[in-house]
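*Asks:* the sequence and its predicted three-dimensional model are supplied below.
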Amino acid sequence: MPDFVGAVDQGTTSTRFMIFDHGGNEIARHQLEHEQILPRAGWVEHNPTEIWERTRAAIETTLTKADLVASDLAALGITNQRETSVVWNRTTGRPYYNAIVWQDTRTDRIASALERDGKGDIIRRRAGLPPATYFSAGKIQWILENVDGVRQAADAGEAIFGTTDTWLLWNLTGGVNGGLHVTDPTNASRTMLMDLETLDWDDELLSFFGIPRRMLPAIVPSSHPELYGRTLADGPLGGEVTLGGVLGDQQAATVGQVCFEVGEAKNTYGTGNFLLLNTGTSPVRSKHGLLTTVCYQFGEEPPVYALEGSIAVTGSAVQWLRDQLGIIAGAEQSESLARQVDDNGGVFFVPAFSGLFAPYWRSDARGAIVGLSRFNNNAHIARATLESICYQSRDVVEAMRQDSGVALDVLRVDGGVTANDLCMQIQADILGVPVSKPVVAETTALGAAYAAGLAVGFWKSTDELKQNWQEDRRWQPHWSQDQRETGYTAWKKAVTRTLDWVDVG
């Protein structure tokens, strides 16, 4: 068997291709950004064709860097930004509209109407999700209703939908020449259209959004050697490779962090934060604002579920300091600036730029900086920004404890913000538990590689994957319990100041 596995990591701001060896070590990578299209306030789009072109280029460049060819790869996995929705023509291969990104809020009235009409509880019970702008179904409905000709094409079976994993799979396996139209349960569970129990599209949920079933991809296990097909010999890999696995990005990070036991959790710090807790083979229905989602399904085994807390703005709040306020020149300067003060000076920043996700689910919220006095300076704002990342994560941890009864012993972390030593120390202080970072920080791509490698026997079992995990750094909490609770009480007070700011009736 070949010595390596490849993984496409199609993210919100960029696409990368990575190659790993049997020990889970990175061999090579290449990463390319794509344009963030912002037509109006609250709208966020990507060009699907650009994403496909960037994916091709990333694959080709990585192989060249590593001096490898397709036959050196035992399998290929895909992980992707979830919920981001593409609708394209199966005959021409052309998208009807830009991809509508998970951050986009144009469907707030669709989500509000579902709640008003009493359909929200059905969606929660069946799909494990609250009606929200975050998920795919409202985005598909918007395209069907607002882009000329798409409704007719969908009814005729010409217009098809996919999240970005499906879009890339379709192109990698032939596109208009027989490309496979499939997805996995982790991505399907983010649409508001899949029944969590049956792992199939639900006709009643489809009717809520007016979506024809024939638009949707087939749902197949996250890891399987036969259901995803093989890449084209004349494609970007320059040869046929088994497409063995697909996982939404946060589920992929959970697999990359080898959270295979009930009660194990990871938190990924990226554009937003995504904290997942493994709850085993039975879905746990949240009563405290979390999402019930599929964590993974390997081969013919039962699906494993998770509770998820999705936070919209964390790392992007640091970008806001750089790009909009101009108080730092680069993201790394947020740490050095925040270290100029010992605490937040009474300042709290709630970055609800596009509403609040878990556990609040308030699209009417908007960002606020509160507690300012003449004493405060830009260092306090930088410190409050880092604390906002950590307090939002505590909101989710508290909700998980209430839903599952599981109290965290340690939080495994990954993602770009984990390079910020001060932020991770603040996270340990605010949670009151150790924070642990692995040696291989690119756990999202690694999780996709694991899913693909398991499918073809490159790795024999999840036990073998656990042996690959090694800790790089651990932060221990230093705050007193009183300091921790005083800060959290003030944070929750600050959150109330952001609510009811926008009318989403």
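*Replies:* Structure received.
*Asks:* I'd say residue 469 and residue 438 touch.
*Replies:* Yes - using C-beta atoms under 8 Å, residue 469 is in contact with residue 438, at 5.9 Å. Where C-beta positions appear, they are placed from N, C-alpha and C, glycine not excepted.
*Asks:* leaving out the residues flanking it, which one is nearest to residue 37?
*Replies:* Residue nearest to residue 37 in three dimensions, not counting chain neighbours: residue 45, with 4.0 Å by C-beta to C-beta, 6 or more residues apart in numbering.
*Asks:* for that neighbour, name its beta-bridge partners.
*Replies:* Following DSSP bridges, residue 45 is listed with bridge partners residue 37, residue 100.
*Asks:* any figure for the gap between it and residue 335?
*Replies:* According to C-beta to C-beta, to the nearest Å, residue 45 stands 32 Å off from residue 335.
*Asks:* now swap in residue 252 and tell me
*Replies:* 27 Å.
*Asks:* cool, and residue 393?
*Replies:* Counting by C-beta to C-beta - residue 393 and residue 335 are separated by 17 Å.
*Asks:* of those two, who's got more company?
*Replies:* residue 393 (24 against 18; other C-beta atoms under 10 Å).
*Asks:* correct me if wrong, but that one is in a strand.
*Replies:* No - going by DSSP: H, G, I helix; E, B strand; the rest coil, the assignment for residue 393 is helix, not a strand.
*Asks:* that one contacts residue 311, doesn't it?
*Replies:* Yes - using C-beta under 8 Å, residue 393 is in contact with residue 311, at 7.0 Å.
*Asks:* identify the contacts common to the two.
*Replies:* With contacts taken as C-beta atoms under 8 Å, 6 or more residues apart in numbering, the residues that reach both residue 393 and residue 311 are 273, 275.
*Asks:* can you pull the contacts of residue 172?
*Replies:* Shown in contact with residue 172 (C-beta under 8 Å, 6+ apart): 76, 179, 231, 232, 235, 236, 243.
*Asks:* ugh, wrong one, residue 240
*Replies:* 70, 230, 231, 232, 233.
*Asks:* pLDDT value on the spatially closest residue to the first one that is not a sequence neighbour, please?
*Replies:* The shortest distance from residue 70 to any residue that is not its chain neighbour, by C-beta to C-beta, 6+ apart, is 2.9 Å, and that residue is residue 239. pLDDT for residue 239: 79.
*Asks:* tally of neighbours for residue 239?
*Replies:* 16.
*Asks:* wait, is it part of a helix?
*Replies:* No - under three-state DSSP, residue 239 falls outside any helix and is assigned coil.
*Asks:* that one and residue 69 touch, don't they?
*Replies:* Yes - in this structure residue 239 lies within contact range of residue 69 using C-beta under 8 Å: 6.4 Å.
*Asks:* any idea how far residue 85 is from the residue lying farthest from the centre of the chain?
*Replies:* Largest separation from the mean C-alpha position in the chain: residue 374, at 38.9 Å (C-alpha atoms, centre = their mean). Noted for residue 374: a distance of 47 Å to residue 85, by C-beta to C-beta.
*Asks:* and for residue 338?
*Replies:* Counting by C-beta to C-beta - residue 338 and residue 85 are separated by 36 Å.
*Asks:* of these two, who's got more company?
*Replies:* Taking other C-beta under 10 Å, residue 338 and residue 85 do not tie; residue 85 has more neighbours (28 against 24).
*Asks:* mind listing what that one touches?
*Replies:* Contacts of residue 85 by C-beta under 8 Å, 6+ apart are 99, 100, 136, 139, 140, 143, 161, 162, 163.
*Asks:* mind redoing it with 7 Å?
*Replies:* Residues near residue 85 by C-beta atoms under 7 Å, 6 or more residues apart in numbering: 99, 100, 136, 139, 140, 161, 163.
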